[in-house]
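*Asks:* Starting from these lines, generate the structure:
(one chain, ligands or ions: 1)
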Amino acid sequence: MTDVLDLQAVTIRRGLTTILDEVSWTVREGERWVVLGRNGAGKTTLLQVASGRMHPTAGTAELLGERLGSVDVFELRPRIGLSSAALADRIPSGETVRDVVLTAAYGVTGRWRETYEELDESRAADLLRAFGVAHLADRYFGTLSEGERKRVQIARSLMTDPELLLLDEPAAGLDLGGREELVAALAELAGDARSPVLVLVTHHVEEIPPNFTHVLLLKDGRVHAAGPVAEVLTSETLSGAFDVELVVDRAGERWTARAER
Ligand SMILES: Nc1ncnc2c1ncn2[C@@H]1O[C@H](COP(=O)(O)OP(=O)(O)OP(=O)(O)O)[C@@H](O)[C@H]1O
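*Replies:* You can find the predicted model right below:
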């Protein structure tokens, strides 16, 4: 079976700055990864590579069995869902929620003259329902709360039925209730064998949904640790990655971290 993601010694340089430094990371079928690391560790840049939007300065990146640099990225991108704040900013605020999801079928934002198949319409409706936002279908995206927007964005990123779904800080800006609802929705997605392979970037171990299987810890653009959740999420490893003495605890299927006093 081919790996879903296979990065070997991926380096990204911009001018004199090395943003990713020889990152090797393999993601296989059925896995659900969380990517953690301090501000500026390189998480968003890593997702740019994993989504085929950025090419390594050095090293090799294979996405869904295709080598970046020798594949048409425009054919590859619909197979990889991406949800990020930067992409959300490009959604016209006057677009209806239904169209925000529907237009993903054509890799565009802003409905113009595309004609949509009935199948697309019903898939968009199903996704809005699955994320609890079906009642907002006729509302303008710009009028939604942050939590509602995040759910619509994830529904949009699933519209093309991707094989890999990358989520960049989906819980950022949510209140506690909104966060918990999103964590529950992502736990359900992660627990469904029909779901794509998932990669979730977050700042907080509290936001790791149940059913996620692996953690990649980045530090200064390098891999600090990578492996099954319970092996990587130890007080010692997390403290090393964040340069703060942390105590990591597990309560049932959820995690917490706080500074040691
Ligand atoms: N084009 C660029 N030129 C120079 N430096 C850059 C460029 N793009 C990103 N960087 C730097 O690379 C580092 C990694 O950025 P990145 O956004 O990947 O980190 P991150 O882990 O997602 O951070 P955060 O948690 O703050 O979102 C940062 O220090 C950033 O300032």
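
*Asks:* Report the buried residues of stretch 172-190.
*Replies:* 172, 174, 178-179, 181-183, 185-187, 189-190 (16 or more other C-beta atoms under 10 Å). All C-beta atoms are positioned from the backbone trio N, CA, C, and that covers glycine.

*Asks:* hmm, who's touching that stretch?
*Replies:* 32, 85, 130-132, 145-147, 150-151, 154, 167, 170-171, 195, 198, 200, 203, 207, 209-212, 253 (C-beta atoms under 8 Å, 6 or more residues apart in numbering).

*Asks:* Among those, which ones are in strands?
*Replies:* Per DSSP state E, strands hold the following members of the contacts of stretch 172-190: 32, 167, 198, 200.

*Asks:* Counting neighbours, what do you get for A58?
*Replies:* 13 (other C-beta atoms under 10 Å).

*Asks:* what pairs with it across the strands?
*Replies:* Applying DSSP bridges to A58 yields these beta-bridge partners: T11.

*Asks:* hang on, isn't it packed against T18?
*Replies:* No: in this structure A58 lies outside contact range of T18 using C-beta atoms under 8 Å: 10.0 Å.

*Asks:* How confident is the prediction for Y116, by pLDDT?
*Replies:* Per-residue pLDDT puts Y116 at 64.

*Asks:* Show me what counts as buried in the helix or strand of the chain with the lowest mean pLDDT.
*Replies:* Within the chain, no helix or strand scores below helix 85-89, which has a mean of 84 by mean pLDDT, DSSP states H and E. Buried residues in helix 85-89, counted by 16+ other C-beta under 10 Å: A88.

*Asks:* Checking my notes, L218 in a strand, right?
*Replies:* Yes: under DSSP: H, G, I helix; E, B strand; the rest coil, L218 sits within a strand.
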